[in-house]
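Chemist: here is my input, please return the structure:
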Amino acid sequence: MKNTKINLIKLRSNVDINSIEMFHACLKYNAKMAPLVNPELEKWPIYLDYWNELVKNKNIYPFKVTATFDQITLVGDYIKSPVKNSNNNRTIFLLHGITNTRYWIFKQVYLFLQAGYNVVWYDARNHGESDEAATTFGKNESSDLQDIINYIIEKYQPENIIIYGFSLGSATVIMWSEIYHKQPNHNNDNIKLLICDSSFAHLEQSYVEQINNYSFIPTNLAMKIFHNQITKMTGFNDLSLLQPIKYLKYIPKFPVLFLHGQSDRFISYTNSQELYREKIRYEHPIKSKIYLIKEALHGQSFLVGDNREATILDEYNQPQDKKISELVFDYINQIIK
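Modeler: Numbering: from 1, shown residues only. Here you go, the predicted structure:
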């Protein structure tokens, strides 16, 4: 991570400098990252070996899709599960976080492929192999998601679709609900549920929380700095467009599973709690659910949550006796009969 101007600010004691620098860098991020497989996966030999086996057996089908919003090229893969079972009629779309590439979430890919699910993943605009374009924290990315859905539906005709997003990807998934509601599309008929991992509820609030926690900058000044940066970066003057919580009203009957690490210092788990409470306001009966992984940092829901010693709490603050992947698969099975 390059140094940012945040180093010039007088910080409070016991600061997690990486957390605030990461947030600041996310606001400024506008560069391509090399989507090299080995550097992303080599620290996890089991995943690299598994990927190489998928390549060898020709389970990977690369694709390129032109974004309808601005005609940039989005790059990804359709991966057919090598496991033959009743889950082969299920396809999960996996969306990565900001400053990552699709390879960063390979643990999730591995889990779902091993369970028999087919996988779709792609590099978000301005990331990896996809073209450079301003990152808009889920807004324009939601249009890209619909483009990918349209392509995959027309090419592979998946029967049951789940969409999983992490961080930026999670905000994208939630904001996509406006497209689902306002632009009815038969390609969306087979989408059964959404999984939102570590999303922010209000982008500006998350930024200000970082500033307030780690510096002596007054809140009103922090808000002004944030507004200027976001407007310059995205072209949006109306910051309400970047508040995922305002989009949940568009999917009152659509079940959503929220995941978040309680030790997340980048985006507080209270964001997912707020999103969950807002979501169930529109549900009758309630089908959505939330799991909090007590020891997990940002991006560690599955990494830590699959440790048998991890503490996982549900919406009633009740501890669970299963790994997070088992809980996720159980939830999917409840929704998709």
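
Chemist: gap between N220 and H227?
Modeler: N220 is 11 Å from H227, where distance means C-beta to C-beta, to the nearest Å. Backbone N, C-alpha and C define where each C-beta goes, glycine included.

Chemist: oh, that last question was meant for L248, not what I typed.
Modeler: Separation of L248 from H227 (C-beta to C-beta): 24 Å.

Chemist: more neighbours: which of those two?
Modeler: With neighbours defined as other C-beta atoms under 10 Å, L248 and H227 compare such that L248 has more, 25 against 15.

Chemist: what does the model give that one for pLDDT?
Modeler: pLDDT for L248: 96.

Chemist: surely it is in a helix?
Modeler: Yes: counting by DSSP: H, G, I helix; E, B strand; the rest coil, L248 falls inside a helix.

Chemist: do you know how far it is from N185?
Modeler: Distance of L248 to N185, given as C-beta to C-beta: 19 Å.

Chemist: Q262 now?
Modeler: Applying C-beta to C-beta, the value for Q262 to N185 is 36 Å.

Chemist: between the two, who's got more neighbours?
Modeler: Shown here are Q262 and N185; by other C-beta under 10 Å, Q262 has more neighbours (18 against 13).

Chemist: list the contacts for the more buried one?
Modeler: Contacts were defined as C-beta atoms under 8 Å, 6 or more residues apart in numbering; by that measure Q262 touches 269, 292-296, 313.

Chemist: now F329
Modeler: Neighbouring residues of F329 by C-beta under 8 Å, 6+ apart: A115.

Chemist: for it, pull up the helix or strand it's in.
Modeler: Using DSSP states H and E, F329 falls within helix 324-335.

Chemist: just the CA atoms of that helix, as PDB, please.
Modeler: This file holds the C-alpha atoms of helix 324-335, laid out as PDB (Å, rounded to 0.1, in the frame of the first residue of the first chain):
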ATOM      1  CA  ILE A 324     -19.800 -20.800   8.500                       C
ATOM      2  CA  SER A 325     -19.600 -22.700   5.200                       C
ATOM      3  CA  GLU A 326     -22.000 -25.300   6.600                       C
ATOM      4  CA  LEU A 327     -24.400 -22.600   7.900                       C
ATOM      5  CA  VAL A 328     -24.300 -20.900   4.500                       C
ATOM      6  CA  PHE A 329     -25.000 -24.200   2.600                       C
ATOM      7  CA  ASP A 330     -27.800 -25.000   5.100                       C
ATOM      8  CA  TYR A 331     -29.400 -21.600   4.500                       C
ATOM      9  CA  ILE A 332     -29.200 -22.000   0.700                       C
ATOM     10  CA  ASN A 333     -30.800 -25.400   1.000                       C
ATOM     11  CA  GLN A 334     -33.700 -23.900   3.000                       C
ATOM     12  CA  ILE A 335     -34.300 -21.300   0.300                       C
END
